[in-house]
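> build me a structure from this.
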Amino acid sequence: MRKFYLVSLTICTFLPWVVASAQTQRYNLRNAGDYNNFIMYQMQEVVKRNYEYLSYQVHSDDFEQIDQRRRQVIDQVRLAQKTIAEMPPLENDTQLRDESIVVLGTYERAFDLDYGEVLNLKRSSKNSYEAMAAYFAAEDKAEAKLTEATLKLQQIQRVYASKNNMRVGGTDSVQQRLETKMKRAQEVNRYWRAIFLEYFRAATLYERAFELMEQKHPHNLERVRKELLKASQESVPKLRQMPAFHGNTSFRDIAADFLAYFERIANEQLVKIVGLFQKPRLTQADVDEVNSVIQYCNSMYELQVYNLNNASQVLFEDNIVPQP
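Prediction:
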């Protein structure tokens, strides 16, 4: 059996209230607007590296390349810190400059330590439900740190705008769209993870059951069959009761159908197999029946995987923010 693994994407970013212009722009650091824009441009360069890392690591198992891109984010953060630290005060006010450096320090620690741990956990995430849950939890922890730092920077920007009689970009349609897209990306990732973990818990037991089938050990197979049945019976109603995601019900429903398939296999086909393996000797008819069950399960499993992958892709295509 092939293991099934989906991808997700979460993007945490800084949301400048004044959008920085092209790289070639000259900044007058004695002007309050340019002062902010210069800092936000450095932040946006970090965001680009962040996006490159995130968009690559979610669909790749090339851990060396993932780590290289993670280190590129750290290098970009350190460059931004150095550049901003060299800025002069704006009329003796250094709060925006200094707080931006603090935020970047949080970013640096997150990618150096937290995302380093995420990478280590990803290496073994497919080995078990517990490993996958730990991997997702580590991602949640790292993302929460970035989000907290971003919110802190936004608050500092509001204070800065007030002190300099500037309008915060709350009514700016470009920023509003950006904030909405970023929020949606985070929401869809959490929604996907909640559903995926329910699926993955049963899927690992399903895989284990077919491994034990090759060993023809009825007692171990019966134990795993019961675990699969229990996991499926717990997860199906849980998913059925989950709300749609902004009108999308396909991923939720197909995942629930997949779990219902696991439940049927545990209740029917695996019961037959356990019974056959409890016999002292298998006849040719018994062997043919075992092979028939395996063939049926293989074909049905591949169909379910295909459907779930398609539903996952649609869910993300409809909700994931494009590269800044």
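
> can you list the domains in the protein?
32-171, 195-319 (automatic domain parsing).

> pipe the ones you listed into a markdown table and attach mean neighbour count per row.
For glycine as for every other residue, the C-beta is placed from the backbone atoms N, C-alpha and C. Listed next are the domains of the chain as a markdown table, based on neighbours: other C-beta atoms under 10 Å:
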| stretch | mean neighbour count |
| --- | --- |
| domain 32-171 | 17 |
| domain 195-319 | 17 |
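
> looking at the ones you listed, spot the one closest to residue 188.
With C-beta to C-beta as the measure, domain 195-319 is the member of the domains of the chain nearest residue 188 (4.1 Å).

> check which helices and strands the helix or strand hosting residue 186 is in contact with.
In the assignment (DSSP states H and E), residue 186 maps to helix 173-215. Helix 173-215 makes packing contacts with helix 129-163, helix 218-240, helix 250-267, helix 284-319 when contacts are defined by 3 or more C-beta pairs under 8 Å, 6 or more residues apart in numbering; DSSP states H and E.

> quick one: that helix to helix 218-240, angle?
Angle, helix 173-215 to helix 218-240, by axes from the mean of the first three to the mean of the last three C-alpha atoms, to 10 degrees: 160 degrees.

> could you give the mean pLDDT of helix 173-215?
Mean pLDDT, computed over helix 173-215, is 81.

> between that helix and helix 129-163, how big is the angle?
Going by the same axes, to 10 degrees, helix 173-215 makes 170 degrees with helix 129-163.

> how far does helix 173-215 sit from the chain's center?
Counting by C-alpha atoms, centre = their mean, to the nearest Å, helix 173-215 is centred 7 Å from the centre of its parent chain.

> next, the angle helix 250-267 makes with it.
Using the same axes, to 10 degrees: helix 173-215 against helix 250-267 is 10 degrees.

> on that earlier part again, between the domains of the chain, which gets nearest to residue 26?
Evaluated with C-beta to C-beta, the domains of the chain place domain 32-171 nearest to residue 26, the distance being 8.4 Å.

> distance between that closest one and the chain's centre?
Computed by C-alpha atoms, centre = their mean, the separation of domain 32-171 from the middle of its chain amounts to 16 Å.
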